[in-house]
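**Student:** Fold the following for me, if possible:
(one chain, ligands or ions: 1)
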Amino acid sequence: MFACGIGYDVHRFLAGRLLVLGGVTIHHPFGLEGHSDADVLCHAIADALLGAAGEADIGHFFPNTDESLRGMSSIVIVRTVRERLVAMGSVILNVDATLVAEAPKIAPYLSAMKTNLAGALAVPRDRVGIKATTNEGLGFLGRGEGIAALAVAAVERK
Ligand code: MG
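**Tutor:** Predicted coordinates for the structure are as follows:
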């Protein structure tokens, strides 16, 4: 059957951390707070894939109480989720995601993010969509307090 899933995540900015989005380290005064590398884009995509597969969410598989996961690369999370879906007999058709942030400018990094995610998902680059927008100055995202990501995934599953 064909199935789709949705993912959403937010992380707040924190000084003294590297900013990593889609597995790409981005030049910015702030990183994101989180147990892993806080890659909000990877987390939203992982949740969309898990949702399409009818599985529990990312927090179930990668709990922030697990010290062995502290600082882990979230590209590894995406790869692990893909392996789980493949083991279930699922085929990932595509993922599409939007980052919402007032800063930094994401556009220069989109191509590298797409390469990383296509690699982690073992799909061609044209099966991965990544866009970025601002929140037009509105709300917590508009005040630059963090970054949000939304994602959808389409999966052919048994
Ligand atoms: Mg997260």
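
**Student:** From here on, just use CA atoms for contacts and neighbour counts.
**Tutor:** Noted.

**Student:** R143: neighbouring residues, count only.
**Tutor:** 14 (other Cα atoms under 10 Å).

**Student:** switch to numbering from 11
**Tutor:** OK, 11 is where the count begins now, so the last one is R153.

**Student:** Nearest spatial neighbour of it, chain-adjacent residues omitted?
**Tutor:** G147 (6.1 Å; Cα to Cα, 6 or more residues apart in numbering).

**Student:** For the lengthiest strand in the chain, which outside residues touch it?
**Tutor:** For the chain, the strand with the greatest residue count under DSSP state E is strand 12-25. For strand 12-25, contacts defined as Cα atoms under 8 Å, 6 or more residues apart in numbering pick out 39-44, 48, 50-51, 53-63, 154-167.

**Student:** so how far is that strand off the chain centroid?
**Tutor:** 6 Å (Cα atoms, centre = their mean, to the nearest Å).

**Student:** same check, this time on stretch 16-27
**Tutor:** Worked out by Cα atoms, centre = their mean, stretch 16-27 lies 10 Å from the chain centre.

**Student:** pLDDT averaged over that stretch - what is it?
**Tutor:** Mean per-residue pLDDT for stretch 16-27: 97.

**Student:** Check which residues of that stretch are buried.
**Tutor:** 16-24, 27 (16 or more other Cα atoms under 10 Å).

**Student:** picking up where we left off before, now do the residue nearest to R153: how many residues are near it, please.
**Tutor:** Counted with other Cα under 10 Å, residues neighbouring G147 total 12.

**Student:** Please apply the same query to F40.
**Tutor:** 17.

**Student:** Who are the packing partners of the helix or strand of the chain with the lowest mean pLDDT?
**Tutor:** In the chain, the helix or strand scored least confidently by mean pLDDT, DSSP states H and E is helix 68-71, which has a mean of 94. Judged by 3 or more Cα pairs under 8 Å, 6 or more residues apart in numbering; DSSP states H and E, the packing partners of helix 68-71 are helix 50-62.
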